[in-house]
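>>> Curious how this folds, go ahead:
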Amino acid sequence: MSKEFLRQLPLFSELSDEDLDDLYRIAEPVALQAGQALMEEGDPGDSLYIATEGRFEICKRSGEREVVIAGSGPGDVIGEISLLEGSPRTATVRAVSDAHLMKISREAFTQLLARSPSAALGVLRTMTARLRNNETMLRQSEKMAALGTLSAGLAHELNNPAAALARSASQMHDSLAELQRRAAELAASGLSSRAAEVVNDLRRDLPGRSSKPVKLDPLARSDLEGELGSWMEAQGVEEPWELSPPIVALGWHAADLQGMTSVFAADQQPIFIRWLAAASTVYALIGEVGEGAARISELVKAVKSYSYLDQGPVQLIDVHEGLDNTLVILRHKLKYGVTVVKEYAPDLPRVEAYASELNQVWTNLIDNAADAMNGQGEIRIRTFAKGRDVIVEITDYGPGIPAEVRDRIFEAFFTTKPVGAGTGLGLHISYNIVVNQHHGLITVESEPGQTTFRVTLPTQLEKRP
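Numbers count the residues shown, from 1 in each chain. Model prediction:
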């Protein structure tokens, strides 16, 4: 590499001959083979490089994958941003082909900028172009990653009710046949008018019970099933341990059956109990089908509302509905250890908003809150009106944001998460949506054990000229 090559670069084009000689003298040559990394994301930013031969790809981790966000070649400056900020590398740079570069240390570069305003201006132009290009590509990557997360979450959430529907449907055929057999036996047993009245009352009661199944912990359920099974065994009922679960599931105990069977003849009691077990099984399956269908319908409705399909970009929206739909979308991440406490103000005014983008803000803030607590703890969502504004506060009780980085959390690419766990664009995008699109405010208050993000939205979206 010659001094003439350096002179052709915008970064050094206006350096004096003396400065250029100094730069050329202190530069260290670096050679890389194809596939070899020049720097890794997270490495210390202690130098910059000028590519003289070969091609490079610049990659950034987004979740579990690596995204190529840019390429570079001869004449490009690499690594100047982290060098100037004194921060870790924000991306990985890898040689695509055999390559050569010139390495300039932090000390030499600092001296160069101090001596040459033109070099400082060239660096500023290079950094601005790099940031603009990287942010554009990572925004798209962030949207695709968010779509992937949403799809994975929905697939997980839809799988449970869909599997329940398939299981219930497959069991329904045999269960209905069993119920018909037991109903025929019961009718042929010659019921008294009082016994027939009990059976008819139960037929009317069963649909309501199946729509609201009893919620019991496993130990309590096991105890009740054991008690009922023992009672039925004492009455001479065959296979009592198979008959007791569906009866207990719909809320009946041994004492209930003892009262009901008292109006039946001794030889009719086992027939009645087997009929009740068969009927309980069928109606429980019907309840499962209804619950699964309702869950799928809820998810479809939430997704449609979340994305505001078939609607204009700006609507008069219910903030509570957007928050609730976001919670449905994120349920797969929250349900295993996160408790959400909602303190919604009654009669909260609707706001004019880019609804889908605003839901992206709620997603970023709630998702970050869950991550801050490692998926275990409480998230509190509070809403209230103040003057002509609507305010949403999302609080987590995690470790808090260190004071020394609190002022930087809305910067593009800045993240407190480990390398590869975040792109550093979630809060930056949220800031732009709230402040630039909706002319609102987003602030954070944090201390050890509690962090609150506050979003302030005007109820009327100002129209830009």
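>>> Domain ranges for the chain, per the record?
Annotated domains of the chain cover 3-115, 150-299, 313-458 [automatic domain parsing].
>>> which residue is nearest the centroid of the protein?
With distances taken as CA atoms, centre = their mean, Leu330 lies nearest the centre of the chain, 4.5 Å away.
>>> Distance of it relative to Val434?
Leu330 is 19 Å from Val434, where distance means CB to CB, to the nearest Å. In short, each C-beta sits where N, CA and C put it, glycine included.
>>> In the chain, mark out all the helices, start to finish.
Taking DSSP state H as the test, the helices found in the chain are 3-7, 17-26, 80-85, 106-115, 117-188, 193-211, 218-234, 240-249, 254-261, 269-307, 319-329, 331-334, 355-372, 426-431.
>>> Would you mind giving the domains of the chain as a markdown table with mean pLDDT added?
A markdown table is the format used below for the domains of the chain (pLDDT from 0 to 100):
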| stretch | mean pLDDT |
| --- | --- |
| domain 3-115 | 82 |
| domain 150-299 | 83 |
| domain 313-458 | 84 |
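>>> Can you give me every residue that contacts the residue nearest to the centre of the chain?
Shown in contact with Leu330 (CB atoms under 8 Å, 6 or more residues apart in numbering): Gly153, Thr363, Ile366, Asp367, Ala370.
>>> State the phi and psi torsions of the nearest residue to the fourth one once chain neighbours are set aside.
In other words, Asp367. Setting aside the residues directly before and after it, Asp367 is nearest to Leu330 in space (CB to CB, 6 or more residues apart in numbering), at 6.4 Å. Main-chain torsions, Leu330, degrees, to the nearest 10: phi -90, psi 10.
>>> which of the contacts of Leu330 are buried?
Gly153, Thr363, Ile366, Asp367, Ala370 (16 or more other CB atoms under 10 Å).
>>> who are the neighbours in contact with Lys386?
Thr456.
>>> Okay, and the beta partners of it?
In this structure, Lys386 bridges to Asp389 when assessed by DSSP bridges.
>>> For Leu457, see how far away it is.
Taking CB to CB, one finds Lys386 at 11 Å from Leu457.
>>> ditto for Gln315
Using CB to CB, Gln315 is found at 13 Å from Leu457.
>>> shared neighbours of these two, anything?
Ala353.
>>> Looking at those two, which is more packed in?
More neighbours surround Leu457 than the other of Gln315 and Leu457, with 24 against 16 (other CB atoms under 10 Å).
>>> Identify the spatial nearest neighbour of that one, chain neighbours not counted.
Gly440 (4.5 Å).
>>> ok so, going back, quick one: which of the helices of the chain is nearest Thr52?
Closest to Thr52 of these, according to CB to CB: helix 3-7, at 6.7 Å.
>>> For the closest one, buried residues please.
Going by neighbour count (16+ other CB under 10 Å), the buried part of helix 3-7 is Leu6.
>>> Pull the distance from it to the chain's centre.
Taking CA atoms, centre = their mean, to the nearest Å, one finds helix 3-7 lying 50 Å from the centre of the chain it belongs to.
>>> Stretch 323-331 too?
9 Å.
>>> Equivalent analysis for stretch 47-62, please.
32 Å.
>>> Of all the residues in it, which ones are buried?
In stretch 47-62, counting by 16+ other CB under 10 Å, buried: 47-52, 54-62.
>>> among those, which two are most distant?
So, the buried residues of stretch 47-62 by CB to CB: farthest apart are Thr52 and Ser62, at 30.2 Å.
>>> Tell me who's in contact with Ile451.
Let me fix one detail, which is that residue 451 is Thr and not Ile. Ala369, Ala372, Thr395, Asp396, Gly398, Gly400, Ile401, Val444, Glu445.
>>> In ChimeraX, how would I select just the buried ones from those residues?
Restricted to buried positions by 16+ other CB under 10 Å, the ChimeraX selection for the contacts of Thr451 reads:
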select :369,372,395,396,398,400,401,444
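>>> For the contacts of Thr451, give me TSV that also has distance to Lys103.
Listed next are the contacts of Thr451 as TSV, based on distance: CB to CB, whole Å:
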residue	distance to Lys103
Ala369	42
Ala372	38
Thr395	47
Asp396	43
Gly398	40
Gly400	39
Ile401	35
Val444	39
Glu445	43
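>>> Let me know the closest of the contacts of Thr451 to Arg115.
Closest to Arg115, out of all of the contacts of Thr451 and judged by CB to CB, is Ile401, at 38.7 Å.
>>> which non-adjacent residue is nearest that closest one?
Spatial nearest neighbour of Ile401, chain neighbours left out: Ser446 (4.1 Å); criterion: CB to CB, 6+ apart.
>>> Which strand residues bridge that neighbour?
Under the criterion used (DSSP bridges), Ser446 bridges to Thr451.
>>> residues contacting it?
Counting by CB under 8 Å, 6+ apart, Ser446 makes contact with Gly400, Ile401, Arg406, Thr452.
>>> Hmm, the second one is touching Phe410, no?
No - taking CB atoms under 8 Å as the definition, Ile401 is not a contact partner of Phe410, at 11.4 Å.
>>> how many other residues sit next to Ala163?
The burial count for Ala163: 11, using other CB under 10 Å.
>>> try the one 3 residues further on
If you count neighbours by other CB under 10 Å, Ala166 ends up with 11.
>>> do the one 10 residues further on as well
With neighbours defined by other CB under 10 Å, the count for Leu176 comes to 14.
>>> and if you look at the one 3 residues further on?
Neighbour count for Leu179, taken as other CB under 10 Å: 19.
>>> Start at 41, not 1
Sounds good: first residue 41 from here, last item Leu219.
>>> now it: how far from Gly111?
In terms of CB to CB, Leu219 sits 68 Å off from Gly111.
>>> Ala412 too?
Look at Ala412 and Gly111: by CB to CB, they are 35 Å apart.
>>> swap in Gln211?
Applying CB to CB to Gln211 and Gly111 gives a distance of 57 Å.
>>> Those two: who's more crowded?
More neighbours surround Gln211 than the other of Gln211 and Gly111, with 15 against 11 (other CB under 10 Å).
>>> Who's the closest spatial neighbour of the more buried one, skipping the chain neighbours?
Here the residue nearest Gln211, using CB to CB, 6+ apart, is Leu325, at 5.8 Å.
>>> Now stretch 265-274: buried residues?
So for stretch 265-274, counting by 16+ other CB under 10 Å, buried means Glu265, Leu268, Gly269, Trp271, Met272.
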